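Engineer: model this:
(2 chains)
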Amino acid sequence: MPNKRILFLFIFLICTLAFFLTWNLSTHVSLILKLRAVKLGGLVFVGMAIGVSTILFQTISYNRILTPSIMGFDAIYLFIQTSLVFFLSSLSYAQIPGHLLFMINMGLMLLFAVILFTFVLRATRQDIQLMILVGIVFGMLFRSFATLMQRLIDPSEFAVLQSVMFAQFGSIDESELFLATVMLLLLGIWLIKNCQILDVMALGRSKARSLGVNYDQMQFKILALISILVSVSTALVGPIVFLGLLVSALAHSFMRSHLHALLLPAAALISAIILVLGQASFEHILKLQSTLIVVIEFFGGLFFLALLSKGKIK
Amino acid sequence: MISIRNVSHKYGSQNILSDLSVDFPKGKVTALIGPNGAGKSTLLSLISRQTDLKSGQITLDDVNINDFKPKDLALRMALVTQQNGVESRLRVRDLVGFGRWPQHQGRPCAEDHIIIDQAIQKFELEDISTRFLDEISGGQKQRAFIAMAYAQTTDWLLLDEPLNNLDIRHAKTLIQYLRKLAHYDQKSIIMVIHDINYAISGSDHIIALKNGKLSFCGQTEEVATSNSLSSLYETSIDVVKHGDRAFAYHHNAI
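Structural biologist: Okay, here's the model as predicted:
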């Protein structure tokens, strides 16, 4: 018997999807449907990846106000794009095939994550707080490098860069999306099998260890999983910073449970709903002015503050 | 029996334990005492494998503790630590329920629920079993964590300062209860304890550490003397008889 609230969220998401697909559909039905379906797939995938990775990151860092973006994944992403434009010029940057760029981005971000998790975590005796701090410092370093190079390049080349500095859902490649979806499914299956261990891990390292959980090994696996999710979603559409925080706060206050078997699907669904609704209102109400992420971060921020001041978020 | 053989441990260049060898007897309440920084908690975390053993050997019933899988060790010994901060928003009953994790690995059966109920009853948590951990007092929290370790139903129970935050009645009941567990259920209990009177009246065996070395050990009534305790804590402690029970008198500064 699935949880009623999860079921509610699921039905709500289906309605949102149907609404998004069929809104104002008059001419060129099959072409528009196909375009919208790909965009929708991207939104749902990125939403779920962000929701799940944020909950996981908060669980292993014992902190409800952190998101994986604090580790500087978006900074790495910006750094990669900026150096490509800097060293290759915008013309050759634009000529790099889509999935090659996708692979380069994903590969480099994963490499960074693995280096951070293995070497730093070992050097700090499994102190995750210290590792996060090192991540922040690296993030700042890469961000500064990127800013430096952005100042040195030609303004017209900078304009090319600017379009990738915010997440974009308009230009998602189908084959990339397919690859990403397969990955999400595999990771999802692993998570379903292991989500009860996550409940134990949320008690803290020493508690979990005294209950016989192989904590350090699990922690590494989960960090790896988080970096795959974040890298793939960033490589697919670009950086999204604030959404995860909003989603995890909503998931916690909506589910009122410590069980990851409920929290993870709730966060995935809520996140997907917010992105799809945001994109719909962005396209039809704001008429494509500004970008989706600005919309989400503005309204999401207001909503978050409202919840916080009413004491709904704990 | 848990045997410590030639165990040394360092944090940085600081010697915490140096070449310690001592035995924790089975089926008894053992009080681990000593001044601050003597290495008591470190020893406890080495035994429970919270900290990796760098030099020396620790065996549980003649099996090296490093040879146990984490899961199997959790079926043999339960640990209550000093820091009990938990970030996830848990209810008391859920916390106690986690004590059964080593047995059921996520699939609790009827027996697990019975044991959880017993633990909640034993530690008088019925009234607060549905409250959140961040909404109860320090002493209630302490009892909830001890109830969780109890629910683990292991032969060995390791407690780091179990009397923390407990009022007189609950402290007394806990010590009486630990004694019952040892004497009737053949459980072996190790507790780090600072209240010297509870150590004397509540334990069968005392192991005293000082500066990472063994100061003295043995049966409580034999080794807990004015001389040994005074030199251990470097302050005058008078062990006097009150009726037929020993009592440490150390408040004579005022």
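
Engineer: Which pLDDT value does the model give residue A:288?
Structural biologist: Note on residue A:288: pLDDT of 69.

Engineer: in chain A, which spans are helices?
Structural biologist: Secondary structure of chain A (DSSP state H): helices located at A:4-22, A:29-61, A:73-95, A:98-115, A:121-123, A:128-152, A:155-165, A:174-201, A:205-210, A:215-237, A:243-255, A:260-284, A:292-309.

Engineer: Just to check, residue B:20 is in contact with residue B:7?
Structural biologist: Yes: with contact defined as CB atoms under 8 Å, residue B:20 and residue B:7 form a contacting pair (4.8 Å). For every residue, glycine as well, the C-beta is placed using N, CA and C.

Engineer: Which neighbours do the two have in common?
Structural biologist: B:43, B:56 (CB atoms under 8 Å, 6 or more residues apart in numbering or on different chains).

Engineer: Need the helices of chain A in JSON lines (columns: mean neighbour count, distance to chain B and mean pLDDT).
Structural biologist: Compiled in JSON lines, the helices of chain A are given as follows (neighbours: other CB atoms under 10 Å in any protein chain shown; distance: least, CB to the nearest CB, whole Å; pLDDT from 0 to 100):
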{"stretch": "helix A:4-22", "mean neighbour count": "15", "distance to chain B": "16", "mean pLDDT": "90"}
{"stretch": "helix A:29-61", "mean neighbour count": "21", "distance to chain B": "8", "mean pLDDT": "89"}
{"stretch": "helix A:73-95", "mean neighbour count": "19", "distance to chain B": "23", "mean pLDDT": "83"}
{"stretch": "helix A:98-115", "mean neighbour count": "17", "distance to chain B": "23", "mean pLDDT": "83"}
{"stretch": "helix A:121-123", "mean neighbour count": "14", "distance to chain B": "12", "mean pLDDT": "78"}
{"stretch": "helix A:128-152", "mean neighbour count": "16", "distance to chain B": "12", "mean pLDDT": "88"}
{"stretch": "helix A:155-165", "mean neighbour count": "15", "distance to chain B": "34", "mean pLDDT": "79"}
{"stretch": "helix A:174-201", "mean neighbour count": "17", "distance to chain B": "4", "mean pLDDT": "89"}
{"stretch": "helix A:205-210", "mean neighbour count": "23", "distance to chain B": "4", "mean pLDDT": "89"}
{"stretch": "helix A:215-237", "mean neighbour count": "21", "distance to chain B": "8", "mean pLDDT": "86"}
{"stretch": "helix A:243-255", "mean neighbour count": "23", "distance to chain B": "8", "mean pLDDT": "88"}
{"stretch": "helix A:260-284", "mean neighbour count": "23", "distance to chain B": "9", "mean pLDDT": "89"}
{"stretch": "helix A:292-309", "mean neighbour count": "16", "distance to chain B": "16", "mean pLDDT": "79"}
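
Engineer: Serialize those helices to CSV and add fields for distance to residue B:156.
Structural biologist: Shown next, in CSV, are the helices of chain A (distance: least, CB to CB, whole Å):
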stretch, distance to residue B:156
helix A:4-22, 40
helix A:29-61, 29
helix A:73-95, 44
helix A:98-115, 38
helix A:121-123, 30
helix A:128-152, 29
helix A:155-165, 57
helix A:174-201, 20
helix A:205-210, 11
helix A:215-237, 20
helix A:243-255, 36
helix A:260-284, 30
helix A:292-309, 45
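
Engineer: Of all those helices, which one is nearest residue B:157?
Structural biologist: Comparison of the helices of chain A against residue B:157 by CB to CB identifies helix A:205-210 as nearest, at 11.2 Å.

Engineer: Taking chain B, what residue is nearest to chain A?
Structural biologist: residue B:74 (2.9 Å; CB to the nearest CB).

Engineer: What count of nearby residues applies to that residue?
Structural biologist: Residue B:74 has 25 neighbouring residues, counting by other CB atoms under 10 Å in any protein chain shown.

Engineer: Enumerate every residue touching the nearest residue to it once chain neighbours are set aside.
Structural biologist: Take residue B:74 and drop its neighbours on the chain: the residue closest to it by CB to CB, 6 or more residues apart in numbering or on different chains is residue A:212, 2.9 Å away. The contact partners of residue A:212, taken as CB under 8 Å, 6+ apart, are B:69-75, B:101-102.

Engineer: same question, residue B:100
Structural biologist: By CB under 8 Å, 6+ apart, the contact list for residue B:100 reads B:108, B:112, B:115-116, B:151-152.

Engineer: Can you narrow those down to the ones near chain A?
Structural biologist: Contacts with chain A within these, as defined by CB under 8 Å from any CB of the partner chain: residue B:152.

Engineer: Just want the most central residue of the chain.
Structural biologist: Went with chain A since none was named. residue A:50 (3.1 Å; CA atoms, centre = their mean).

Engineer: was after chain B, sorry
Structural biologist: residue B:159 (1.9 Å).

Engineer: which residues touch that residue?
Structural biologist: By CB under 8 Å, 6+ apart, the residues touching residue B:159 are B:79-80, B:146, B:149, B:178, B:189-192.

Engineer: Now do the same for it: its pLDDT.
Structural biologist: For residue B:159, the predicted pLDDT is 94.

Engineer: if we can go back for a sec, please check the contacts of residue B:100 and keep the buried ones.
Structural biologist: When the contacts of residue B:100 are checked for burial by 16 or more other CB atoms under 10 Å in any protein chain shown, the buried set is B:112, B:115-116, B:151-152.

Engineer: gap between the residue of the stretch 151-300 of chain A found nearest chain B and residue B:99?
Structural biologist: Of all residues in the stretch 151-300 of chain A, residue A:212 sits closest to chain B, at 2.9 Å by CB to the nearest CB. Distance from residue A:212 to residue B:99, counting by CB to CB, to the nearest Å: 11 Å.
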